[in-house]
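Trainee: Let's see this in three dimensions:
(2 chains)
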Number of protein chains: 2
Amino acid sequence: MPKIVRLHRLGGPEELRLEDAAPEMPQAGEVRIRVQAIGLNNSEAQLRRGDYPMLKASLPCRIGRECAGIVDAIAPDVESIGLGDLVSTIPAFDIQRNGVYGDWCVVPAAAVVRVPAHLDRIEAAAVWQQYLTAYGPLVEYGRADGRHTVLITAGASSVGLGAIQMAKTLGCKVIATTRSGGKAEIIRRAGADHVIVTERDKLVPSVLDATGGRGFDFALDPIAGPGLANLVDAAANSATIFLYGQLATEATPFPLVTVMRKGLSIRGYTLWEITLDPQKRERAVRFIFDGLDARRLRPIVDRIFDLSDIVAAHRYLESGQQAGKIVVKTESRTP
Amino acid sequence: MPKIVRLHRLGGPEELRLEDAAPEMPQAGEVRIRVQAIGLNNSEAQLRRGDYPMLKASLPCRIGRECAGIVDAIAPDVESIGLGDLVSTIPAFDIQRNGVYGDWCVVPAAAVVRVPAHLDRIEAAAVWQQYLTAYGPLVEYGRADGRHTVLITAGASSVGLGAIQMAKTLGCKVIATTRSGGKAEIIRRAGADHVIVTERDKLVPSVLDATGGRGFDFALDPIAGPGLANLVDAAANSATIFLYGQLATEATPFPLVTVMRKGLSIRGYTLWEITLDPQKRERAVRFIFDGLDARRLRPIVDRIFDLSDIVAAHRYLESGQQAGKIVVKTESRTP
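Mentor: All right, here's what the predicted structure looks like:
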């Protein structure tokens, strides 16, 4: 019997229950995917715990937004996707109803993309969250290029590593941060020109030092909290700081005077801006496919778990030990 | 003997000392102006008290950034301005050294603009701070037009009224706030489509009501503080909130989740971005002159004081009773 993961109660990783569930038929506009691999995201641990700032779970619910697999059922009105297509999902749907953790999922056809042949199923499940998140600030809004220095905090996260690769394809100078020295090497290999180990190095002088005193032009930060003051101090005049998450547990004071003095933009951002806008999404997908084809964007996978070990996978996700993406694979049972 | 105002000690309006001072000769790149009228700004009261966030006064110092008058001395290297020209000053210089409160001032020629014949000296002293402040957010950065709704807080301040006029010339829908009902009429006459009296009306439902539930596209706010949370709640998706002052005495918490959810930009701004950049300044001055020529921009002057009453003028400035600009006139003594 195929399995899906369902959440009945908020709490620790053990609340992820693997349950038998016969595949459902897609409704109008939807397709069903026989899931082969699932990409995990921090926001899913937040949703599970009940501290995801963007959404409170309505229990019981499914969970998960990124997977790769084979289309095995299609609503009659769907023409863009065919049976048997190898696809992956773009985060652009209700992750409680259409959650992808499991052997099957049903998602809107508009959130499904055919995957290039050279990507294996593991990589295909590790593409969209990271590169779409990086795309908005760097390309769609920032139009970053060789004139710009980009600061990427949490540089060893999957989004961090994806953003480093993307910023380098654009010709930017890249500075990335990581808490401890253990992940500096993978960050450097992803392309960062400078790595700041925040346990050891002070952020502001390190950034100023790496930029001849000028500061960064763009920052991508999923942390916020009191650290925003340091970002503001390390910013060049007219810089934009994109805040795309709230990993900090403390509130975020707003350093108004320096923000005014430097003419800074503090920009809240989620990838939904890209994924829910058909034109932006199309541009983004094309840009990312081009990068994947040229092998300038290469998803970095840290570790692969089996679906039956989903609890261990989330425990590892929360440990903060990983550098890059955690992927869960299924046994590809035929529904 | 000509007089100038000098500040020897931080404190109340009475610290503005009117002193005899023979006119100084302009240094390289400078011109001297026989001042006829002076525009007062809130930031000058803040500087005098010692709570101007952008600058701490080095005492003793002069003060003031906006005046109109006749050029009566020119450094040999200045070609752009002639003796006898009627000019006004653009805030783009050290207001402590080049402060304009007094019968004369010496300012950089680059910060001086010839004034159109139809503007009298009082209006000419009330142009630049307000319209240049409004120009950056509305024109240079926001490119606001008929598709946009603009929220202008402190709508009866000189910048507020100037921004209302400018937003209307661009075709925007304009919502403006004022604390008490007494200034609603002047705000409406300046062109605002909706006036929110914050003592009486709730900001968020009022803005949503005026925009069919959508919220504003741009806000110009000189207050910041805890009220930023309301602005964020009243913003449309992708809106930009320009913070150009810190009238609030409390800190500014950052409402991160809503800022992320809506994809908002919180943009620190000062008019120095425009006045210190020759190209932006040229575009701004041309835009404002066009508006003045067409009488679509008309400085609103609340009250005129004599220079000998500078203390009373600052007391009135701090009272918050005014709607529009407070101007101080001199006796135009020939230096």
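
Trainee: tell me the average confidence for the lengthiest helix in chain A?
Mentor: Criterion DSSP state H: the longest helix present in chain A is helix A:278-293. For helix A:278-293, mean pLDDT rounds to 95.

Trainee: Give me the contact list for whatever helix or strand comes next after it.
Mentor: Of the helices and strands lying after helix A:278-293 in sequence (DSSP states H and E), the nearest is strand A:301-306. With contact meaning C-beta atoms under 8 Å, 6 or more residues apart in numbering or on different chains, strand A:301-306 is reached by A:122-123, A:126, A:312-313, A:316, A:322-331. Any C-beta I mention is one placed from the backbone N, CA and C, and that applies to glycine too.

Trainee: mind redoing it with 7 Å?
Mentor: A:122-123, A:126, A:312-313, A:316, A:322-329 (C-beta atoms under 7 Å, 6 or more residues apart in numbering or on different chains).

Trainee: now, which of those sits nearest A:E140?
Mentor: A:A126 (21.2 Å; C-beta to C-beta).

Trainee: Please parse chain A into its domains.
Mentor: A:3-127+A:300-329, A:129-272 (automatic domain parsing).

Trainee: Where does A:I186 fall, secondary structure wise?
Mentor: Using DSSP H and E, the element containing A:I186 is helix A:184-190.

Trainee: could you pull out the helices for the stretch 201-335 of chain A?
Mentor: Per DSSP state H, counting those that start in this stretch, the stretch 201-335 of chain A carries helices over the ranges A:203-210, A:228-233, A:256-262, A:272-275, A:278-293, A:310-319.

Trainee: need the ones you listed in a markdown table with distance to chain B, can you?
Mentor: Compiled in a markdown table, the helices of the stretch 201-335 of chain A are given as follows (distance: least, C-beta to the nearest C-beta, whole Å):
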| stretch | distance to chain B |
| --- | --- |
| helix A:203-210 | 18 |
| helix A:228-233 | 7 |
| helix A:256-262 | 3 |
| helix A:272-275 | 5 |
| helix A:278-293 | 11 |
| helix A:310-319 | 21 |
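
Trainee: Between the ones you listed, which one is closest to B:L297.
Mentor: helix A:256-262 (24.5 Å).

Trainee: Return the most buried member of the domains of chain A.
Mentor: domain A:129-272 (a mean of 21; mean count of other C-beta atoms under 10 Å in any protein chain shown).

Trainee: what's the first-to-last distance across that domain?
Mentor: Domain A:129-272 stretches 10 Å from its first residue to its last (C-alpha to C-alpha, to the nearest Å).

Trainee: could you give me the average pLDDT of it?
Mentor: On average, domain A:129-272 scores 97.

Trainee: Stretch A:92-107 too?
Mentor: 94.

Trainee: cool, stretch A:58-75 as well?
Mentor: Here the average pLDDT along stretch A:58-75 is 96.

Trainee: Give me every residue in the stretch 1-150 of chain A lying close to chain B.
Mentor: Within the stretch 1-150 of chain A, the positions near chain B by C-beta under 7 Å from any C-beta of the partner chain are A:53-54.

Trainee: hey, where'd the strands end up in the stretch 1-150 of chain A?
Mentor: A:3-7, A:16-20, A:30-39, A:66-74, A:86-89, A:104-108, A:112-114, A:149-152 (DSSP state E, counting those that start in this stretch).

Trainee: could these be laid out in JSON lines, adding distance to B:T177?
Mentor: As requested, the strands of the stretch 1-150 of chain A are arranged in JSON lines below (distance: least, C-beta to C-beta, whole Å):
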{"stretch": "strand A:3-7", "distance to B:T177": "44"}
{"stretch": "strand A:16-20", "distance to B:T177": "48"}
{"stretch": "strand A:30-39", "distance to B:T177": "46"}
{"stretch": "strand A:66-74", "distance to B:T177": "44"}
{"stretch": "strand A:86-89", "distance to B:T177": "44"}
{"stretch": "strand A:104-108", "distance to B:T177": "41"}
{"stretch": "strand A:112-114", "distance to B:T177": "46"}
{"stretch": "strand A:149-152", "distance to B:T177": "36"}
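
Trainee: Between those, which one is closest to A:S180.
Mentor: Between the strands of the stretch 1-150 of chain A, strand A:149-152 lies closest to A:S180; by C-beta to C-beta that is 16.4 Å.

Trainee: what residues does that closest one touch?
Mentor: Applying C-beta under 7 Å, 6+ apart, the external contacts of strand A:149-152 come out as A:138, A:144, A:160, A:163-164, A:167, A:172-176, A:207, A:211, A:216-220, A:234.
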